[in-house]
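*Asks:* what follows is a predicted structure for the sequence shown.
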Amino acid sequence: MVNNSLPAPEQDSSKTEDSARDCCTNCDKCSTCAMQLNVPAFMRFYVQWQKADAQLQAKLKEAYAALGQKASRCRSCGSCERACPHQVPVVARMQELYWRFEM
Ligand code: SF4
Ligand code: SF4
């Protein structure tokens, strides 16, 4: 499970998206999750959410609910982060998705 004792994320965490270091390129190399979570799909949700206006955010919430998986199932094992060639902070983003879409 995601560590739910962590505080909710700040409203704007999009500034990290401009960094080449932690920019997701949809390469799918993080798709070997022990919990069978579709990590690349969650990362795409994260990027879309950062760029979305209120109307699109509402649609993304509906799409997330239909995904059939929840970021809260993440165990924070870090396997996906180690597989990522761009050092994307996947665990932190899974945590943020939990706050954005499941709370
Ligand atoms: S950190 Fe979470 S999403 Fe990544 S491989 Fe582990 S359980 Fe899966
Ligand atoms: S491995 Fe990294 S760059 Fe590739 S899809 Fe996953 S998070 Fe994005």
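*Replies:* Sure, I can see it. Numbering: from 1, shown residues only. Ligands and ions are numbered 1, 2, ... in the order given.

*Asks:* near ligand 1, which residues of the protein?
*Replies:* The chain comes close to ligand 1 at residues 33-35, 37, 39, 74-80, 90-91, 94, as judged by C-beta under 6 Å from any ligand atom. From N, CA and C alone the C-beta is placed, and that goes for glycine too.

*Asks:* residue ranges for the helices of this protein, please.
*Replies:* Assigned by DSSP state H, the helices in the chain fall at 39-51, 54-66, 79-83, 90-97.

*Asks:* most tightly surrounded among those?
*Replies:* Highest mean neighbour count among the helices of the chain (mean count of other C-beta atoms under 10 Å): helix 90-97, with a mean of 22.

*Asks:* I'd like the average pLDDT over it.
*Replies:* For helix 90-97, mean pLDDT rounds to 97.

*Asks:* just to revisit the earlier point, return only those of the residues of the chain next to ligand 1 found close to ligand 2.
*Replies:* For ligand 2, the contacts drawn from the residues of the chain next to ligand 1 by C-beta under 6 Å from any ligand atom are 39, 90.

*Asks:* now, which of the residues of the chain next to ligand 1 sits nearest residue 60?
*Replies:* Relative to residue 60, the closest of these is residue 94; by C-beta to C-beta it sits at 15.5 Å.

*Asks:* from what I can see that closest one touches residue 74, true?
*Replies:* Yes. Contact criterion C-beta atoms under 8 Å: residue 94 and residue 74 qualify, at 4.2 Å.

*Asks:* how about the residues of the chain near ligand 2?
*Replies:* For the chain, the contact set with ligand 2 under C-beta under 6 Å from any ligand atom comprises 24-30, 39-40, 43, 83-84, 86, 88, 90.

*Asks:* what about residue 24, distance to residue 35?
*Replies:* Counting by C-beta to C-beta, to the nearest Å, the separation of residue 24 from residue 35 is 19 Å.

*Asks:* okay, the two: which has more neighbours?
*Replies:* Legend: neighbour count by other C-beta atoms under 10 Å for residue 24 and residue 35, higher for residue 24 (17 against 13).

*Asks:* the more buried one touches residue 86, doesn't it?
*Replies:* Yes. Residue 24 is within contact range of residue 86, at 6.8 Å (criterion: C-beta under 8 Å).
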